[in-house]
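>>> Here you go, sequence then predicted model.
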Amino acid sequence: MAIRIGYLGPAGTFTEEAMCLYTSGNEHYEKLEFSSIPEMIYSIGTKIDEAVVPFENSIEGSVNVTLDLLIHESMAMIKKELVLPVNQNLLAKKPFSLEEIEIVYSHPQALYQCRRFLHERLPKALWRETESTAEAARIVAKSEKPWAAVGHRRLGELYGLLIVAENIQDYKNNVTRFIILSHEDSLPTGFDRTSVVFATENKPGSLYRVLGFFARENLNLTKIESRPSRKALGEYVFLLEVEGHRDDEVLKKVLMEVQNNTTYFKILGSYPRWQEGYPPAGGDRKDPNL
Ligand SMILES: O=C(O)C(=O)C[C@]1(C(=O)O)C=C[C@@H](O)C=C1
């Protein structure tokens, strides 16, 4: 039976590229396009079985819309992560000079990844946010006006646009981490990461105490982020990531302690940690999707 997988469209987004990498070689996937991240996450379990969503970027940090939906509104679990290079380009319908561009369209993450370039080289241009970089290209392609889009170089061929400036992100090594959401996470591979969310009582030392459980067992934390609880100003929910699988003996014990010492606790999933070239070719692949 086909596995229905959702991605942020239209064609040419970075998320589509991540989805193609993830599904390559597996003909069971049926690919379904969505025009926004919330719409896609809400559809997991009904219209789709899996979804590819951006999670964090090396310049701009977390994709808050994804984080908040996972924290507050979804039961989906993380089953995989992929890290992809993100090279941004400025695309236009005609060979406009940078000074001529009046409006620059893109997804907010993409605009902010190029903040310095856009301020310095397109000082006159207004910024307009779109649901995706490819949506920006579609808008620009429909008009004869001096407008430009920020996105993947592939948008040029797909929408008949010219690349007027290449690699415009403010830091060269720009990468985005994508996650695959599903109704269940992955089995242990020996090289995993676990993501959890929790809230503590608002009293001295409560977060310190929770972090201490991980430190005591020498478990390596890889991310901690606070997001508004949405109940009151100044109240937060924490998203924490740690190396290891929730079925590993030590981590399992620590997660139990965390659960017993927090006011809210949810495991978002355990999944193989991304590493270029892992597992080695011909190596022992415990995970059928790698
Ligand atoms: O608009 C796209 O191309 C997307 O796939 C979205 C998105 C994001 O939300 O972070 C993905 C990767 C890049 O960091 C820029 C934009």
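Nice, thanks for sending it over. Numbering: from 1, shown residues only.
>>> Could you tell me the model confidence score at the residue nearest to residue 207 when sequence neighbours are not counted?
For residue 207, ignoring the flanking residues on the chain, the nearest one in space by CB to CB, 6 or more residues apart in numbering is residue 200 at 5.4 Å. Every C-beta, even on glycine, is put in place using the N, C-alpha and C of the backbone. If you check residue 200, the pLDDT there is 96.
>>> Give me the distance between residue 200 and the ligand.
Residue 200 sits 29 Å away from the ligand, going by CB to the nearest ligand atom, to the nearest Å.
>>> Could I get the contacting residues of that residue?
By CB atoms under 8 Å, 6 or more residues apart in numbering, the contact set of residue 200 is 206-207, 209-210, 238, 261-263.
>>> Near the ligand, which residues of the protein are found?
8, 13-15, 54, 57, 63, 86, 107, 109-110, 132-134, 151, 176 (CB under 6 Å from any ligand atom).
>>> Settle this for me: residue 71 is touching residue 225, isn't it.
No: when contacts are counted by CB atoms under 8 Å, residue 71 is not listed as touching residue 225 (9.8 Å).
>>> If you count surrounding residues, which of those two has more?
The residue with more neighbours, out of residue 71 and residue 225, is residue 71; 22 against 17, by other CB atoms under 10 Å.
>>> Quick check: the more buried one is in a strand.
No: in this structure, residue 71 is helix, not part of a strand, as judged by DSSP: H, G, I helix; E, B strand; the rest coil.
>>> quick one: which of the residues of the chain next to the ligand sit in helices?
Among these, DSSP state H puts 14-15, 109-110, 133-134 in helices.
>>> taking the contacts of residue 200 one by one, which sit in helices?
206-207, 209-210.
>>> Nearest residue to residue 109 in space, please, no chain neighbours.
residue 60 (5.4 Å).
>>> does the one you found really touch residue 111, like I thought?
No: the pair residue 60 and residue 111 does not pass the contact test of CB under 8 Å, sitting 9.5 Å apart.
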